[in-house]
Structures are given as C-alpha cells and as structure tokens.
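In: Predicted structure and sequence below. I'll ask about it afterward.
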Amino acid sequence: MSKLLVTGGAGFIGSNFARYLVEHTEDTVTVLDKLTYAGDLTTLEGLPPSRVMFVQGDICDAATVDGLVRDSDVVVHFAAESHNDNSLSDPSPFIQTNLIGTYTLIEAARRHETRYHHISTDEVYGDLKLDDPARFTEETPYNPSSPYSSTKAGSDLLVRAWVRSFDLQATLSNCSNNYGPYQHVEKFIPRQITNILDGERPKLYGAGLNVRDWIHVDDHSSAVLAVIERGRIGETYLIGADGEKNNLEVVETILRLMGRPANDYDHVNDRAGHDLRYGIDATRLRRELDWQPVYRDFESGLAQTIDWYRANEAWWRPKKAATEAKYASVGQ
Ligand code: NAD
Ligand code: TDX
C-alpha cells in the first residue's frame, strides 16, 4: 500500500486515474489541483474520503509542493494546461504550469528522494504523414508543433535531465488521445456529443482528415500503473492501443450512434499548425510490462462515453456555453 500524490487529479485523466486506483489497488491518493477552468471537484464525487484526499493548490507553489511530496511515496504528475487551441490564443499559462510546475515538482522529488512518474503526450514527437506506415516509438526525435506540445516536450526533457544529473527516480509515459467520462467539453469527442445533445451540429476542423490514435482513459490508467509498479527507472514508455481514426470517421460514428444522418456536421476553420497524424507503437509497454488494453472496440467504448454524457448533463452543462462562445469567436 502506497501514498500517491496525484497532481491534476480534478481533471479528466487524473480523476479517472484516482478512481482506477481506488478500484484496483489499496493505495491512498492525495490530489493536488489548482481547479483552473479545467478542474472540477465534482469530478471526484463518490470517491471514499478515506482513500482520496483533496488539496487545492498550484504546482508552481514550492512550499505547498514540498510538504506534499515529502509525505508521499510516489508522485504522479498529470497537472497541465492541456488544450492545443488554448495554447494558440494564450501560451503564457502553458509556460508557467507545464514548465515551471514540472520543475517545482521534480526539485521537491529530488530533495526528498521520492519516486516520480511523469505523464506526457505523443504530441512531443510532432506529426506523421497520413500515408506513412511508420508510427512513433520511444526513439522518435522530439519535434513538437504547438505551444502546448512544446511545453510538454520541455517538461519531459527536464525530467530526463534530472534523472541523468541528479539520479531522480523517475519514469515517463507518452500517451495518445484519450476518451471517456469526465473529459472537458472543449475536447473533440465530448464537444461533438454535447453539440448533438444540444441540437447543434458537430464541428470538424478543416477537411477532417487528421488522424488521432484513440485510447480509453481506463487503459491509460492501467498502463501508468504498470509503469509505476514495474517500469525501469529513467525509461520512457509509449502508451497506445492501436486506435488510429481520422476525425471525419469519428464524427460519422458519433452521429450514427446518436441516431443522426452521417453528413449532419459543419466544416469550420482549421487549427493553426494542425498536426496531421499521431500513431503509437506501444511494443515496449506490451512486451516489457506485459500490458494490454481492455477497450479493444472503439465503437463500444464510444457508445459508453455517449451514454455517460447523456446521463451526466449536470457535470458538463456549466462548462458548455463559455466553451462554445470561445470557439465561435475564432470561427470554430
Ligand atoms: P485536463 O485539462 O482535463 O486536466 C488538467 C488538470 O490540471 C485540471 O484539473 C487543472 O485544474 C489542473 N491544473 C492545471 N494547472 C495547474 C496548476 N498550475 N497546479 C495544479 N493543478 C493544475 O487535462 P487531461 O486531459 O486530464 O490531461 C492530463 C495530463 O495528461 C496532461 O499532462 C496532458 O498533457 C496529458 N495527456 C493528455 C492526453 C489527452 O488525450 N487528454 C493524452 C496524453 C497525455
Ligand atoms: O471541435 C473540434 N473539431 C475538430 O475537428 C475540436 C475541439 C477538435 N477537432 C480536431 C483537432 C484534432 O485533430 O480533433 C482532433 C482532436 O482534437 P483535441 O481533442 O483538441 O485533441 P488534440 O489536439 O489531438 O490533443 C489531445 O491529445 C493529446 C489532448 O487535448 C492533449 O492534451 C493530448 O496531449
């Protein structure tokens, strides 16, 4: 039984990870979260207070971070500014949280010799051509495109340097696009589901041919747990579940599952610098740590996710109008 500090645990993936730990381990969790626009305490509702504690605070606040890291066995660092579109309109919180926040955490982990796991993204590798048979591996050179992905890349490099120079007891994982419950309505899949629930049409950036490699958030959680428990210190593990689909296919599937015509969507302005394709080769994770995804059928995972948004309007409704107003202001 371990004491885990989960940063960003009131957000999408961190909260699902806390829930996963409660269901699959004996560990106790302290969530450290600033509750930005993306964090929401109701996301943690229903979790037993004896297992999941909550601290509101900023990962850039060295005093808060120091005490919490000192009192933990493992730090799992999810907290980030996570949305590419926001990073294009204002990069400054991305620099602060993703770079300075990570620096603050790894300095504390170094001081207290605390095991540290760093959560990152496949976007650090840039993008692949649509017709390229290659996929990202742990050896692919870093080549990030957006303010978001460049700050994530920078945070990964800080962690790697702290391993080499200071013997930080760290592992890293870079995952592909997650879907599932509690994802903010600014992101692609929840935006389209909630648009349809609101009688609005899904919005596709550009032609809709960009490819993302989808993984259910619970499969991300099980992979992170495998890396924490069995990963080699200093190593990076790519996490993905062979889920490549273009955005048009995803929108058409959502429309079909929700009983609407397949062409009932709008094309809107494309994203600046829009990465074409992500694709993960997760061979290291599968072979070395014997990990496998549970959600192998994207369509049934998507159907479950649609059901969740139908049943949990009270969770997403307060975020929807402001999100859509922001998109409307840039023609998206
Ligand atoms: P999210 O935006 O849903 O949640 C981020 C959480 O971090 C929020 O609760 C927010 O309040 C908190 N936070 C932000 N700044 C903070 C600060 N300065 N101090 C403390 N808390 C702060 O993001 P997500 O989609 O759950 O992503 C979590 C992590 O996973 C990120 O590191 C992201 O880069 C990574 N990731 C995400 C995906 C994906 O598909 N969403 C894929 C791969 C990797
Ligand atoms: O309304 C939309 N229409 C649309 O076509 C939105 C919001 C997005 N898109 C496109 C852009 C992307 O090609 O859908 C794709 C997915 O978009 P996002 O949900 O914004 O995700 P992405 O930019 O791929 O990044 C996500 O995966 C990697 C997460 O937000 C990151 O945090 C993670 O690192």
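Out: All right, it came through fine. Ligands and ions are numbered 1, 2, ... in the order given.

In: Show me which residues of this protein are close to ligand 1?
Out: 7-8, 10-14, 33-36, 38-39, 58-60, 78-82, 97, 101, 119, 121, 152, 175, 177-178, 184 (CB under 6 Å from any ligand atom). C-beta here means a position set from N, CA and C on the backbone, and glycine is covered the same way.

In: For this protein, just list every one of the helices.
Out: Assigned by DSSP state H, the helices in the chain fall at 12-24, 62-70, 84-89, 92-94, 102-112, 147-166, 188-197, 217-230, 247-257, 283-289, 298-311, 313-329.

In: For the ones you listed, give me CSV that also has mean neighbour count, distance to Ala241 and mean pLDDT.
Out: As requested, the helices of the chain are exported to CSV (neighbours: other CB atoms under 10 Å; distance: least, CB to CB, whole Å; pLDDT from 0 to 100):
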stretch, mean neighbour count, distance to Ala241, mean pLDDT
helix 12-24, 22, 14, 98
helix 62-70, 17, 31, 98
helix 84-89, 17, 21, 97
helix 92-94, 17, 27, 98
helix 102-112, 22, 26, 98
helix 147-166, 20, 20, 98
helix 188-197, 22, 15, 98
helix 217-230, 21, 5, 98
helix 247-257, 19, 15, 98
helix 283-289, 16, 10, 98
helix 298-311, 16, 9, 98
helix 313-329, 14, 25, 98
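
In: got CSV for these, with distance to Leu47 too?
Out: Converted to CSV, the helices of the chain look like this (distance: least, CB to CB, whole Å):
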stretch, distance to Leu47
helix 12-24, 6
helix 62-70, 18
helix 84-89, 27
helix 92-94, 27
helix 102-112, 23
helix 147-166, 27
helix 188-197, 21
helix 217-230, 14
helix 247-257, 29
helix 283-289, 26
helix 298-311, 16
helix 313-329, 14
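
In: Of those helices, which is nearest Val268?
Out: Taking CB to CB, helix 313-329 is the member of these nearest to Val268, at 7.9 Å.

In: The closest one and ligand 2, any residue contact?
Out: No - judged by CB under 6 Å from any ligand atom, helix 313-329 stays clear of ligand 2, getting no closer than 6.8 Å.

In: can you give me how far that helix is from the chain middle?
Out: The chain centroid and the centroid of helix 313-329 are separated by 20 Å under CA atoms, centre = their mean, to the nearest Å.

In: what's the answer for stretch 53-68, then?
Out: Per CA atoms, centre = their mean, the centroid offset for stretch 53-68 relative to its chain is 20 Å.

In: For whichever residue of the chain sits closest to ligand 1, give me its contacts.
Out: Residue of the chain nearest ligand 1, by CB to the nearest ligand atom: Gly11 (2.0 Å). Neighbouring residues of Gly11 by CB atoms under 8 Å, 6 or more residues apart in numbering: Asp33, Ala38, Gly39, Thr43, Phe78, Ala79, Ser82, His184.
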